[in-house]
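In: Build me a structure from this.
(one chain, ligands or ions: 1)
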Amino acid sequence: MTHSDLAVVGGSFAGLSCATRAATHGLDVKLFERKISPGAYTQSTGIFVKEIAERMALPIELTRKISGVRLYAPNMNYIDLSSPDYYFIATDTQRVLGWMADQAEIAGVEIHSSTQVQQIELTKSKVRLPEQHISARYLVAADGANSALAKQLGLGQNRHFLAGAEYEVEGFEELDDDKLHVFLTSSYAPGYIGWLLKGVNTVQLGVAAKPGRHIKLRPFFEFLKYHFNSKATMLSGRGGLIPCGGIVSPWAQGNACLLGDAAGMVSPLTAGGIHPSIEVGAELGNAISDYCNGAGVLPHERISPLVKRYPFKRRLRGAYNSLGMPDYAFNYLISNPLFRKSAQLLFFHHRGLFCKEAWRDILFSTAHAEQ
Ligand SMILES: Cc1cc2nc3c(=O)[nH]c(=O)nc-3n(C[C@H](O)[C@H](O)[C@H](O)COP(=O)(O)OP(=O)(O)OC[C@H]3O[C@@H](n4cnc5c(N)ncnc54)[C@H](O)[C@@H]3O)c2cc1C
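Out: Residues are numbered from 1 along each chain as shown. Presented below is the predicted three-dimensional model:
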């Protein structure tokens, strides 16, 4: 049995971010990923918000900047939304995760791919992974929305999900590629949205729906082809569950904690989970380093104030799920000024809902209506 400072389970955004930061501080870190390599068969659309893309300095060839959002009602009337100096980043997600894994290895993380962790034993001062023959001072379980480790550790589990599915396609040559095209449609994406964007090498389109509702990805693809007069063809498909119930409780105990989707660190409204996974992951890496170097505070206790609970967004998501919204209501709302401002707030609030700059942008930037 070998001994490490930190064992991380899951080699995606959360696990890689935490492991890299901890290793940068000199910790002995082992990361286990069940797939053949981090990033293989990723489920995510991979859209990054500006703040996190800039901080990570992602390789330019793996990214594409998108300045605005075009929000469509079911009748295909739309409004364009943007915010000064703000943008999203479309990514070649699989290669971004491969790049993050390279950064982790450069920092000193030992990555074990094709290794599924199934058994964990917690003692007062150690964590043991008997099948992997290692013990560690701290364990981070970043094993995704359906975390089996959360169950095994007796921690909280995600109970509320959106289901999302996406195609990578070739075509849609006429698409405005500086926009993230977002579709409000109860017919194809009840309870959430559909999306279409020019990614790095392909066009990506997808839908997500609230639990218990059928995802109509193929019909949505046909509908978009008809609307955009395109002969697009499908290249590949993917999908998965998106937690939307907020942070699970408890998300940590003893010398172990959950991170990323496993902990429910996803915005219940936008379903964006990459930003919190990477940001909280890095802070957790700092805290684990201090803990292993003798600072008494448990890492999860130290970062707890940074973990967003999303009480307002959770309530909005709950209301949206139970009320539902017929297509005619969206057709009406799209031309309503208050709705436009709310949509602007939703897509461009990343500097904080109560941040002065965000409100200035919202109140003074223009949203153009198209018929
Ligand atoms: C269709 C879809 C589109 C999305 N689009 C976006 C988007 O555009 N922008 C955004 O911000 N968010 C998006 N999300 C959400 C985002 O993808 C997640 O929030 C993010 O991937 C969470 O990262 P994670 O590291 O916590 O978990 P995951 O990315 O789920 O990774 C978990 C990892 O753990 C591994 N694993 C699981 N169990 C074990 C085990 N026992 N042993 C070893 N390894 C294990 C898995 O193989 C996987 O690699 C989307 C989600 C879906 C489903």
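
In: A helix includes residue 196, no?
Out: No - going by DSSP: H, G, I helix; E, B strand; the rest coil, the assignment for residue 196 is strand, not a helix.

In: Specify the beta-bridge partners of it.
Out: residue 181, residue 205 (DSSP bridges).

In: Report how many residues lie close to it.
Out: Other residues near residue 196 come to 24 when the count uses other CB atoms under 10 Å. All C-beta atoms are positioned from the backbone trio N, CA, C, and that covers glycine.

In: List the contacts of the most centrally placed residue in the chain.
Out: Compute the mean C-alpha point of the chain, and by CA atoms, centre = their mean the closest residue is residue 273, 2.3 Å away. Contact analysis of residue 273 by CB atoms under 8 Å, 6 or more residues apart in numbering lists 13, 44, 242-243, 260-261, 265-267.

In: Please apply the same query to residue 243.
Out: 145, 158, 160-161, 261, 264, 266, 273.

In: can we see that at 6 Å?
Out: Shown in contact with residue 243 (CB atoms under 6 Å, 6 or more residues apart in numbering): 145, 158, 161, 261, 264, 266.

In: Equivalent analysis for residue 200, please.
Out: Per CB under 6 Å, 6+ apart, neighbours of residue 200: 64, 92.

In: Mind telling me what element it is part of?
Out: Counting by DSSP states H and E, no helix or strand carries residue 200.

In: same check, this time on residue 90
Out: Going by DSSP H and E, residue 90 is in strand 88-91.

In: tell me what that strand is packed against?
Out: Counting contacts by 3 or more CB pairs under 6 Å, 6 or more residues apart in numbering; DSSP states H and E, strand 88-91 is packed against strand 63-66.

In: Can you convert the contacts of residue 273 into TSV and add a column each for distance to the ligand, pLDDT and secondary structure?
Out: Below are the contacts of residue 273 laid out as TSV (distance: CB to the nearest ligand atom, whole Å; pLDDT from 0 to 100; DSSP: H, G, I helix; E, B strand; the rest coil):
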residue	distance to the ligand	pLDDT	secondary structure
13	4	98	helix
44	3	94	coil
242	5	93	strand
243	8	93	strand
260	2	97	helix
261	4	97	helix
265	7	94	coil
266	5	91	coil
267	8	83	coil
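
In: Dump the C-alpha coordinates for the lengthiest helix in the chain into CSV.
Out: Criterion DSSP state H: the longest helix present in the chain is helix 274-292. Extracted in CSV, the C-alpha atoms of helix 274-292 (Å, rounded to 0.1, in the frame of the first residue of the first chain):
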residue,chain,number,x,y,z
ILE,A,274,-17.9,23.9,-15.6
HIS,A,275,-17.2,27.3,-14.0
PRO,A,276,-18.0,26.2,-10.4
SER,A,277,-16.2,22.8,-10.9
ILE,A,278,-12.9,24.5,-11.9
GLU,A,279,-13.1,27.5,-9.6
VAL,A,280,-14.1,25.6,-6.4
GLY,A,281,-11.8,22.8,-7.4
ALA,A,282,-8.8,25.1,-7.4
GLU,A,283,-9.7,26.6,-4.1
LEU,A,284,-10.2,23.2,-2.6
GLY,A,285,-6.7,22.3,-3.9
ASN,A,286,-5.3,25.3,-2.0
ALA,A,287,-7.1,24.3,1.2
ILE,A,288,-6.0,20.7,1.0
SER,A,289,-2.4,21.8,0.6
ASP,A,290,-2.6,23.9,3.8
TYR,A,291,-4.4,21.1,5.6
CYS,A,292,-1.7,18.5,4.6
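
In: List the buried residues of the very next helix or strand once past the strand holding residue 90.
Out: As assigned by DSSP H and E, the chain's next helix or strand after strand 88-91 is helix 93-107. By neighbour count on 16 or more other CB atoms under 10 Å, the buried set for helix 93-107 is 93-101, 103-104, 107.

In: on that earlier part again, and the longest helix of the chain, how far out from the chain's middle?
Out: 16 Å (CA atoms, centre = their mean, to the nearest Å).

In: packing partners for it?
Out: helix 13-24, helix 299-303.

In: do it and the ligand meet?
Out: Yes - applying CB under 6 Å from any ligand atom, one finds helix 274-292 touching the ligand at 274-275, 277.

In: Listing request: residues of the stretch 201-350 of the chain with sub-threshold pLDDT.
Out: 312-314, 316-324, 349-350 (pLDDT under 70).

In: residue ranges for the helices of it, please.
Out: 217-227, 274-292, 299-303, 311-323, 327-333, 337-347 (DSSP state H, counting those that start in this stretch).

In: Using CSV, please lay out the ones you listed together with mean neighbour count.
Out: As requested, the helices of the stretch 201-350 of the chain are arranged in CSV below (neighbours: other CB atoms under 10 Å):
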stretch, mean neighbour count
helix 217-227, 17
helix 274-292, 23
helix 299-303, 21
helix 311-323, 14
helix 327-333, 15
helix 337-347, 16
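
In: ok, back up a step: quick one: closest of the helices and strands packed on helix 274-292 to residue 126.
Out: helix 299-303 (14.8 Å; CB to CB).

In: For that closest one, enumerate the helices and strands it packs against.
Out: Against helix 299-303 (3+ CB pairs under 6 Å, 6+ apart) you get helix 274-292.
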